[in-house]
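1. Build me a model from this:
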Amino acid sequence: MMDNTGKVSPAAFLAMGQEVLASQPFSVLIGAELHSLAPGQCELHVPVSEKIRQQHGFVHGGVVSYAADNALTYAGGTALGVPVVTSEFKINYVRPAVGERLIARAHAVHTGKSQAVCRCDVFVVKDGKEKLCAVAQGTIAALPPASVDS
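-> Below is the predicted model of the structure:
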């Protein structure tokens, strides 16, 4: 599904990203959805259910962290154009995530040859309004080419 310039169409690009997400058992378990994907940008949604809340009724910080990490990795991977992993990231929780849906929006801030530095804002949607609940920054590293044993 390439356009006339030889590039993958936006719909095909998103479909490829959704295929990757569907291959991640934890992402499937919590119902994560890749909402949009473009080179260096990602928007990931996670529906809030009782299963991902902690004892005070907030979305568990680990799930908020998951959303940021996965969005950062998609942003970095699409900016680098190769298979990647998160090499490091930090997150600041700014308010409890109470609502119906998490939205993690990430973008590449700087892309080098083998790594990308990315930022992510995580929002919680309650009654149709988004509220910032966390901010994250990470370094996304290209995986080395697979070596073949002789």
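2. all strands of this structure, in order?
-> Using DSSP state E, the strands of the chain run over residues 33-38, 41-47, 84-93, 101-111, 115-126, 129-142.
3. Who are the packing partners of the third one?
-> With contacts defined as 3 or more Cβ pairs under 8 Å, 6 or more residues apart in numbering; DSSP states H and E, the packing partners of strand 84-93 are helix 61-80, strand 129-142. C-beta here means a position set from N, CA and C on the backbone, and glycine is covered the same way.
4. F123 and A116, how far apart?
-> Spatial separation of F123 from A116 under the definition Cβ to Cβ, to the nearest Å is 22 Å.
5. With M16 instead?
-> Using Cβ to Cβ, which is the criterion applied here, M16 is 18 Å from A116.
6. Save the strands of the chain as TSV, and put in mean neighbour count too.
-> Rendered in TSV, the data for these read as follows (neighbours: other Cβ atoms under 10 Å):
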stretch	mean neighbour count
strand 33-38	18
strand 41-47	21
strand 84-93	15
strand 101-111	21
strand 115-126	22
strand 129-142	18
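7. need those in CSV with mean pLDDT and distance to G77, can you?
-> Conversion of these to CSV gives the following (pLDDT from 0 to 100; distance: least, Cβ to Cβ, whole Å):
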stretch, mean pLDDT, distance to G77
strand 33-38, 96, 10
strand 41-47, 98, 9
strand 84-93, 97, 4
strand 101-111, 98, 9
strand 115-126, 98, 8
strand 129-142, 98, 6
